[in-house]
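Colleague: Model the structure of this input:
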Amino acid sequence: MKTEWNLDVIYQGLDDPAYEEDIAGLTQTIERLGDFLRKYEERQAGKTVKEPERETVEALLTLMEEMEDLGEKLMQYVGLRQQADTQNGELMAQINRLQRILADATPHTTAAKKILAAVSDVDAMAGESELVKEYAFLLKENKEEAKHMLEDAVESMISAMNMTGGEAWSSLRDYLTSTLRVEYRGEEITLSEVRNLAYSPDRKVRRDAYEAEVKAYEKIQDSVAFAINNIKNQVIMLADKRGYDSVLGMTLIQSRMNRETLDAMMEAIREYLPVFRKYLRKKAQLLGYEKGLPWYELFAPMGKADTKYTVEEAGEYLVRCFGEFSSDMAGLMQEAFDNQWIDFYPKKGKAGGAFCSGVYRRKESRILTNFDGYFGSVGTLAHELGHAYHNRQLEGERILNQGYSMPVAETASTFNEIHLGEYALRGAKGEERLNLLQNDLQDQTQVIMDIYSRYLFESNVFERCRSSFLMAKDLNAMMLEAQKEAYGDGLDQDCLNPGMWICKSHYYRTGLSFYNFPYAFGNLFALGLYAMFKEEGEAFVAKYRKMLRATSTCSVEDAGRMMGIDFGKKEFWKAGLEEIASRVELFVTEF
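Modeller: Numbers count the residues shown, from 1 in each chain. So this is what the prediction gives:
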């Protein structure tokens, strides 16, 4: 089995004639949109009422579809290749080239959105046009977004300057972390490789890897500190200029999520932090520590943890496991392994972590991971293939309706992790049961407790960036403060990881802040959904697919209501956390 993804379904290479043809097509579509807008303004000159007619709305939506189709295809191709080869200068040059082209389109798209926002009665127009009907949610959302748009020329300048501003800082951070040489036991390895050693069955390996990781951050921390400061200050400035009450307020609007939902979830999480600390203290006791668990033991395997999977074995295991959920999920997983959707192994220059990207034109996805053969990597594959399953539900949607918000983005992926854990735990005994139960609680701790610490850290960064420049020592101290508040006496307070702000790419996105709480949301939402699946069986799957498809055209709260859930009630979140608490009790009492 080939272990690198195949992107030839998009383009055969940068020298593929279709690549340049699509760039030309994108440029021409942008020009056509500009021409259409100029003629429209000429027709509207002198009119007191400037509400667009149905034909204008349909024409704009069609042009925006064409532009999105080509722009996404081009950026996805070079972006995916660059993530697997961050030191490739030619790919960076192509990304910059495409960013310049898309920046030229910004004044046109801004003007188009303002025209679309002028539709006074979207529902009435939807009754006359099938295209408008399909985009009714998008048009209504656009009306709200338009309230925060600046002048067309200013939006254009912001987009252009972002290339050498926030996006450049983000690229620098990606480059530094992907090329960082970590000195470990007399040799140099990548950051991804040394972080993967946290899962080693050898305690000394875990400790040495942790010390090497923390030491290596010193090489790049000053540069990355400049990156995070400049990105966060750019985001703050734009949120202020656009009239949002805060960056978090802007993020929640982007997330299609109410503050009431976030507050209810966070309040429930805070109440249950002692449960997670109880698990960590028990793990520390079992491993022979008295002051709480050292950071380097967070991922220490327990029980029977010597099983390693080849890529082929991982694929067979996942297909067998998810065949018990639905045939279409198992079929998608088989397709992913058979058709080179996945780039598996870490290598020099490859980005760390894992992600999934939908290739909607081909009704496929592409997944990057850093597979090490342990069960945790199998879980990562299940997670990313959950994203692919979510993508598949959206393949019939129009292209402008194929995006979904951050919180629901982590639901299908986390649902898969829960199913995998239940499947693996079934019938397990002794050392194997210890291993599986501990792995589950380990993951739950990351998705709830560590995510909470990241939320605290990012909130503090935004607050302090307004009045001061945060040096690396400040950011290290802030990260330690967040970890202490979240983990409490569950961890050894003298052995934390101050450099976690460097290795997590989520902090360095210019268009997406607070990419932390969505993981907790997705986890707890998925726990609720999985309880429904266990009760309803096959009947659940059709409802689940329908809800996933709807996530691109509804609010978070509406997605919950489709499944009979009220996210504004703390009781829902506590029910999911109580399920985790019951597993902690099993761990504490059985072992």
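Colleague: any idea which element the nearest residue to L197 once chain neighbours are set aside lies in?
Modeller: Using CB to CB, 6 or more residues apart in numbering and skipping the chain neighbours, the partner closest in space to L197 is A209 (3.6 Å). In this view, the C-beta of every residue, glycine as well, is placed from N, C-alpha and C. Assigning secondary structure by DSSP states H and E places A209 in helix 203-241.
Colleague: State the mean pLDDT of that helix.
Modeller: The average of the pLDDT scores along helix 203-241 is 98.
Colleague: Can you give me the buried ones in it?
Modeller: 205-210, 212-214, 216-217, 220-221, 224-236, 238-239 (16 or more other CB atoms under 10 Å).
Colleague: do the same with stretch 559-575
Modeller: Taking 16+ other CB under 10 Å as the criterion, stretch 559-575 shows A559, G560, I565, F567, G568, K570, F572, W573, K574, A575 as buried.
Colleague: For the residues you listed, work out which two are farthest apart.
Modeller: Within the buried residues of stretch 559-575, A559 and K574 form the most distant pair, 19.8 Å apart (CB to CB).
Colleague: ok now the helix or strand where C356 lies, how far from the chain's centre?
Modeller: Take DSSP H and E as the rule and C356 turns out to sit in strand 355-359. Counting by CA atoms, centre = their mean, to the nearest Å, strand 355-359 is centred 10 Å from the centre of its parent chain.
Colleague: Return the list of helices and strands in contact with it.
Modeller: If you count contacts as 3 or more CB pairs under 8 Å, 6 or more residues apart in numbering; DSSP states H and E, strand 355-359 packs onto helix 54-84, strand 364-368, helix 375-393.
Colleague: Surely Y289 is in a helix?
Modeller: No: if the criterion is DSSP: H, G, I helix; E, B strand; the rest coil, then Y289 is coil and not within a helix.
Colleague: pretty sure it contacts E297?
Modeller: Yes: assessed by CB atoms under 8 Å, Y289 is found in contact with E297 at 7.2 Å.
Colleague: out of these two, which sits in the more crowded spot?
Modeller: Neighbour totals were compared for Y289 and E297, and E297 leads with 23 against 17 (other CB atoms under 10 Å).
Colleague: For the worst-scoring helix or strand of the chain on mean pLDDT, buried residues please.
Modeller: Lowest on mean pLDDT, DSSP states H and E among the helices and strands of the chain sits helix 152-164, with a mean of 86. Across helix 152-164, burial judged by 16+ other CB under 10 Å covers D152, E155, S156, I158, S159, A160, N162, M163.
Colleague: elements contacting whichever helix or strand comes after that helix?
Modeller: Using DSSP H and E, the helix or strand that follows helix 152-164 in sequence is helix 166-179. Secondary-structure packing of helix 166-179 (3+ CB pairs under 8 Å, 6+ apart): helix 191-196, helix 203-241, helix 500-503.
Colleague: ok, now with 7 Å
Modeller: Helices and strands touching helix 166-179, by 3 or more CB pairs under 7 Å, 6 or more residues apart in numbering; DSSP states H and E, are helix 203-241.
Colleague: Run through who's touching the least confident helix or strand of the chain.
Modeller: N96, Q99, R100, A103, T106, P107, T110, A111, M149, L238, T510 (CB atoms under 7 Å, 6 or more residues apart in numbering).
Colleague: for the helix holding A209, packing partners?
Modeller: The contact analysis (3+ CB pairs under 7 Å, 6+ apart) places helix 203-241 against helix 166-179, strand 181-184, helix 191-196, helix 247-254, helix 451-465, helix 472-487, helix 500-503.
Colleague: Let's see that with 6 Å instead.
Modeller: helix 166-179, strand 181-184, helix 191-196, helix 247-254, helix 451-465, helix 472-487 (3 or more CB pairs under 6 Å, 6 or more residues apart in numbering; DSSP states H and E).
Colleague: how about these, which one is nearest L7?
Modeller: With CB to CB, the closest approach to L7 among the helices and strands packed on helix 203-241 belongs to helix 166-179: 18.5 Å.
Colleague: Next, the angle helix 203-241 makes with the closest one.
Modeller: If you take axes from the mean of the first three to the mean of the last three CA atoms, to 10 degrees, helix 166-179 sits at 180 degrees to helix 203-241.
Colleague: distance between helix 166-179 and the chain's centre?
Modeller: Taking CA atoms, centre = their mean, the mean C-alpha location of helix 166-179 is offset from the chain mean by 17 Å.
Colleague: ok, and for that helix, which residues are buried?
Modeller: 166-178.
Colleague: can you redo these as JSON lines with distance to G249?
Modeller: What follows is the buried residues of helix 166-179, written out as JSON lines (distance: CB to CB, whole Å):
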{"residue": "G166", "distance to G249": "19"}
{"residue": "E167", "distance to G249": "23"}
{"residue": "A168", "distance to G249": "26"}
{"residue": "W169", "distance to G249": "23"}
{"residue": "S170", "distance to G249": "22"}
{"residue": "S171", "distance to G249": "28"}
{"residue": "L172", "distance to G249": "28"}
{"residue": "R173", "distance to G249": "25"}
{"residue": "D174", "distance to G249": "28"}
{"residue": "Y175", "distance to G249": "32"}
{"residue": "L176", "distance to G249": "31"}
{"residue": "T177", "distance to G249": "30"}
{"residue": "S178", "distance to G249": "33"}
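Colleague: Give me the mean pLDDT for stretch 250-266.
Modeller: Mean pLDDT, stretch 250-266: 96.
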